[in-house]
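Engineer: What shape does this take:
(one chain, ligands or ions: 1)
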Amino acid sequence: MKKLYTSLMLLILLCTGHALRIQVQGESTRHNIPETKIGNVQYLAIKDLTPIFRCIQRQERSDQRLYLHLYGETFIFMEGTPYYSYKLDSFNMHHPLTRIGGDYYLPRVFLTEHLPMHFPQEQRYADSILRIQKPVDRSVQVIVLDPGHGGKDPGAVGRKLKAREKDINLAVALMLKPLLEKELGVRVLMTRSDDRFVSLGDRTKFANENKADLFVSIHTNASKSSSSRGTETYYLATAMTSDARAVEALENQVVELYEGGASARSKYDDLDFILSDLSQTEHLESSNELASSIQQNLIAGTKSYDRGVKQANFYVLRGAFMPSILIELGFISNPDEERLLANDEYQQRLARTIFEGIKRFKFRYDRIRNT
Ligand SMILES: [Zn+2]
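Structural biologist: Next up is the predicted model:
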């Protein structure tokens, strides 16, 4: 009986009936977040905050850290300590992050004082009300698939079966599209859906105009040596190896061959370079992550030789205002790989493994950005 009484007292202590009032700008109803008293200090359960802030919490059980992704930023807390880190600085809430059962609790002061300090534009606490800006959804929703070459530009052509790169690129992209649409619910747009020529500049222009969140260009590789083999994924950068330079020259020659020769080339070189380089710098890390995720899945799923993730300066990636990558599925100049690349089942597997790579990237990217 005494035990029950103590439990009841504890329950009453926990539910003090206080609440933090939150007003989201543009919404008519006000949120009342219940407060919990722990050791005389007011706390709020993170699970009550996530639907309002659209924040995401991730636990690292190994070191008892809690990552909170909020307004595009990351806060790192440690269970049992009042300190947290934010943008490489350490802050003190004076009361520790606490866990009851499976739920984490933050001291009220984090919301009423710390958040308005970190986000002065978005958050203000006055008259006992926390007023916040509506969080923006920045998750991946539109993906542009870019099957390389097409029409008058066949891309690389195989030695044995005379398979054409443009057909393989298109076939894999057309298999990838429904996977992304059905399983991720995203909008997928193609720079071409049939055998037609599209200039390199028009490909990124298309992605920018449609406000794509990701740009994925699909190619097959070629080499003078018929023994060159394997799969590699690129993202845009200026620093690179000589091998990467060779692939870059191969993919960029479309400008010289089909887009009006040297004058067109200098147009690409001068016009957008500085600007596009800047536009991609912002997305370099994401592009690298997307490339790595796709490359890992491709290698695991096809057992192809792993040539790794590389940086190169492709025209088709320049000027894209979003994370952008270019996949070289394999070497059409290698008879064994040509046979695989032209095979319907193998193309399905390529599409499936690229899909898995994009899915894994999206899952992580959305968690960090969609806050
Ligand atoms: Zn190509």
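
Engineer: C-alpha only now, for contacts and for neighbours.
Structural biologist: Will do.

Engineer: start to end distance for stretch 62-76?
Structural biologist: Criterion C-alpha to C-alpha, to the nearest Å; first-to-last residue distance in stretch 62-76 is 14 Å.

Engineer: Buried residues, that stretch. List them.
Structural biologist: Neighbour-count burial for stretch 62-76, with 16 or more other C-alpha atoms under 10 Å as criterion, is recorded at 65-72, 74-76.

Engineer: Could you give the average pLDDT over it?
Structural biologist: For stretch 62-76, mean pLDDT rounds to 79.

Engineer: re the thing from before, can you tell me which of the buried residues of stretch 62-76 end up in strands?
Structural biologist: Among the buried residues of stretch 62-76, the members found in strands (DSSP state E) are 65-70, 74-76.

Engineer: Tell me which two of the residues you listed sit farthest apart.
Structural biologist: Within those, two members stand farthest from each other by C-alpha to C-alpha: R65 and L70, at 15.8 Å.

Engineer: Would you mind measuring from R229 to F331?
Structural biologist: 5 Å.

Engineer: Give me the common contacts of the two.
Structural biologist: E337 (C-alpha atoms under 8 Å, 6 or more residues apart in numbering).

Engineer: Neighbour count for the two, which is higher?
Structural biologist: Neighbour tally, R229 and F331, criterion other C-alpha atoms under 10 Å: the higher count belongs to F331, 28 against 24.

Engineer: Could you give the bridge partners of the more buried one?
Structural biologist: Beta bridges link F331 to N221 when assigned by DSSP bridges.

Engineer: And it, how far from L170?
Structural biologist: Counting by C-alpha to C-alpha - F331 and L170 are separated by 16 Å.

Engineer: Now tell me what touches the lengthiest strand in the chain from outside.
Structural biologist: Criterion DSSP E: the longest strand present in the chain is strand 15-24. Applying C-alpha under 8 Å, 6+ apart, the contact partners of strand 15-24 are 29-37, 128-134.

Engineer: Could I get the average pLDDT for the following helix or strand past that strand?
Structural biologist: Moving toward the C-terminus from strand 15-24, the next helix or strand (DSSP states H and E) is strand 31-38. Averaging pLDDT along strand 31-38 gives 93.

Engineer: Just want the angle from strand 31-38 to strand 15-24.
Structural biologist: 140 degrees (axes from the mean of the first three to the mean of the last three C-alpha atoms, to 10 degrees).

Engineer: Give me the neighbour count for the closest residue to D366 other than its chain neighbours.
Structural biologist: Among residues not flanking D366 along the chain, S139 sits closest, at 4.7 Å (C-alpha to C-alpha, 6 or more residues apart in numbering). Using other C-alpha under 10 Å, S139 has 18 neighbouring residues.

Engineer: Same check on G39?
Structural biologist: 10.

Engineer: Pull the contacting residues for H149.
Structural biologist: Contacts of H149 (C-alpha under 8 Å, 6+ apart): 155, 165-166, 197-198.

Engineer: between the residues you listed, which has the most around it?
Structural biologist: E165 (29 neighbours).

Engineer: Might one say that that one is in contact with P154?
Structural biologist: Yes: counting by C-alpha atoms under 8 Å, E165 touches P154, with 6.2 Å between them.

Engineer: in the protein, which helix has the most residues?
Structural biologist: Secondary structure of the chain per DSSP state H: the longest helix is helix 344-369.

Engineer: which helices and strands sit right next to that helix?
Structural biologist: Packed against helix 344-369 by the contact rule (3 or more C-alpha pairs under 8 Å, 6 or more residues apart in numbering; DSSP states H and E) you find strand 65-70, strand 73-78, helix 165-184, helix 284-302, helix 335-341.

Engineer: Fine by me, thanks again.
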